[in-house]
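Colleague: My questions are about this predicted structure, shown below with the sequence.
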Amino acid sequence: DEGNLTYEQTSDVRSQLRFFEALERMEKQRKDEQEREMLLKAAKMQQQELAQMRQRDANLTALAAIGPRKKRKLDSGGGAPGGSEVTSGSGSSSSASSSRQQLRQRITRVNLRDFILCLEQDRSTARSLTLYKALLK
């Protein structure tokens, strides 16, 4: 009854439906955006992994082209036959700096021929028993 003012409209179903439809569209749009971001992140990570694999392959190829690397022995025992080892480095008065110096000492391998040449050129060892023993080896 339109003439009767005692009736009051308590709910508008159409506007509620429109509101829920708009809410669903916004939720779907948000989920689509999240999925798109996840796909972009996954693609970016895949590209990074491929770049790392290419870099690793390039490094391995370069190392193979260079050849095997020679490793230095750090221990002072067991020299190769026909050569001797000489360590270079100066001692220090304090124990802390001497331990640091010991860590920095480098081992230099010397061939027997080089050792003999040095002994022959030095006046004090030119006629020494060490030189003659080295010549016999």
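Modeller: Sure, I can see it.
Colleague: Every contact and neighbour count from this point should use C-alpha atoms.
Modeller: Will do.
Colleague: is it true that R127 lies in a strand?
Modeller: No: if the criterion is DSSP: H, G, I helix; E, B strand; the rest coil, then R127 is coil and not within a strand.
Colleague: which ones are touching the residue nearest to it when sequence neighbours are not counted?
Modeller: What sits nearest to R127 in space, not counting adjacent residues and going by CA to CA, 6 or more residues apart in numbering, is E120, at 7.7 Å. With contact taken as CA atoms under 8 Å, 6 or more residues apart in numbering, E120 is in contact with A126, R127, L131.
Colleague: which one of the residues you listed sits closest to D12?
Modeller: L131 (114.8 Å; CA to CA).
Colleague: can you redo the contacts of E120 as a markdown table with pLDDT, distance to R30 and neighbour count?
Modeller: Below are the contacts of E120 laid out as a markdown table (pLDDT from 0 to 100; distance: CA to CA, whole Å; neighbours: other CA atoms under 10 Å):
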| residue | pLDDT | distance to R30 | neighbour count |
| --- | --- | --- | --- |
| A126 | 87 | 91 | 16 |
| R127 | 88 | 94 | 12 |
| L131 | 87 | 88 | 17 |
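Colleague: picking that back up, can you tell me which helix or strand the residue nearest to R127 belongs to?
Modeller: Secondary structure from DSSP states H and E places E120 in helix 112-121.
Colleague: Next SSE downstream of that helix?
Modeller: helix 129-136.
Colleague: what does that following helix rub up against?
Modeller: So helix 129-136 is contacted by L112, I116, L119, E120, T125 (CA under 8 Å, 6+ apart).
Colleague: Can you flag the buried ones in these?
Modeller: L112, I116, L119, E120 (16 or more other CA atoms under 10 Å).
Colleague: Thought T125 was touching the third one, still the case?
Modeller: Yes: under the criterion of CA atoms under 8 Å, L119 makes contact with T125 at 5.3 Å.
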